[in-house]
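# One predicted model, sequence on top.
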Amino acid sequence: MLIKQIRYIIYFSLIMIVSAQAGLFDSKIKVRKCYDPKIYKSFKQFHEIEVNSRIQGDPFALTKWDWDLDLKKKKALRTTEVGGKVTMKQYNLLDSDNLIIVNYNDGTNVVFDKKTETVKTSNVKFQCVFK
C-alpha cells in the first residue's frame, strides 16, 4: 500500500515538472508563421516569395513578423525582419479571455484572437500559429 502511494506521488511530481517545463503554467504565447490567407495559400508560400524578394534586393521584403506575448507582465515583444534587418520592439498589451490587444504609439492596434489563431491589424487579417 505504501509503495503504491509513493509511486503515485512520483508520477504526479513528474507530470507537474514536465508540464511546468513545457510552459503549460506560464502565461506566455508565441505567435509565429503569420501570413495573409487572402494572398498566400500557406506560410510556406509566403515565406518563399518574401525570401526570394529579399534575395533580389527588395528593401521592403518582410521575412519575419513574430510576437511574444507575456500576459502576466502585460508586455508584447514584436520581432520583424524587413529587407534583412531585424528589429525588436516592446509594447504594452490588454488581454481578455479570447482577445489580446496591442496598442501602437500612432493610435492603431493589433488584435490577437486566441480562439481562431488570427491577428488583425488595421487593414489585414493574418493567419498564425499560437504556441
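Arrived safely. Numbers count the residues shown, from 1 in each chain.
# Quick check: the residue nearest the centre of the chain vs residue 112, distance?
Against the mean C-alpha coordinate of the chain, by C-alpha atoms, centre = their mean, the closest residue is residue 31 at 1.1 Å. Counting by C-beta to C-beta, to the nearest Å, the separation of residue 31 from residue 112 is 7 Å. Yep, even glycine has a C-beta here, placed from its N, CA and C like the rest.
# In the protein, where is pLDDT below threshold?
Across the chain, residues meeting the criterion (pLDDT under 70) sit at 2, 4-26.
# who touches the top strand by length along it?
For the chain, the strand reaching the highest residue count under DSSP state E is reported as strand 85-95. The set of residues external to strand 85-95 that reach it, using C-beta atoms under 8 Å, 6 or more residues apart in numbering, is 64, 69, 71, 74-81, 100-104.
# And the next helix or strand past it?
Using DSSP states H and E, the helix or strand that directly follows strand 85-95 along the chain is strand 99-103.
# orientation of that next one relative to strand 85-95 in degrees?
Strand 99-103 runs at 120 degrees relative to strand 85-95, counting by axes from the mean of the first three to the mean of the last three C-alpha atoms, to 10 degrees.
# Which positions within strand 99-103 qualify as buried?
The neighbour-count criterion (16 or more other C-beta atoms under 10 Å) identifies 100, 101, 102 as the buried residues of strand 99-103.
# ranges for the strands of the chain?
28-35, 62-70, 75-82, 85-95, 99-103, 109-113, 118-120, 125-130.
# How far does the longest one sit from its chain's centre?
Here the centre of mass of C-alpha atoms in strand 85-95, compared against the chain's by C-alpha atoms, centre = their mean, to the nearest Å, lies 11 Å away.
# That strand: which residues count as buried?
Within strand 85-95, the residues scored as buried using 16+ other C-beta under 10 Å are 91, 93, 95.
# Looking at the residues you listed, which is nearest residue 119?
Lowest distance from residue 119 to those (C-beta to C-beta) belongs to residue 93, with 12.5 Å.
# re earlier: partners of the closest residue in space to the residue nearest to the centre of the chain that isn't next to it in sequence in the sheet?
If you skip the residues right next to it in sequence, residue 31 has residue 67 as its closest partner in space, 4.0 Å away by C-beta to C-beta, 6 or more residues apart in numbering. Counting by DSSP bridges, residue 67 is bridged to residue 31, residue 78.
# I'm done for today, thanks for sticking with me.
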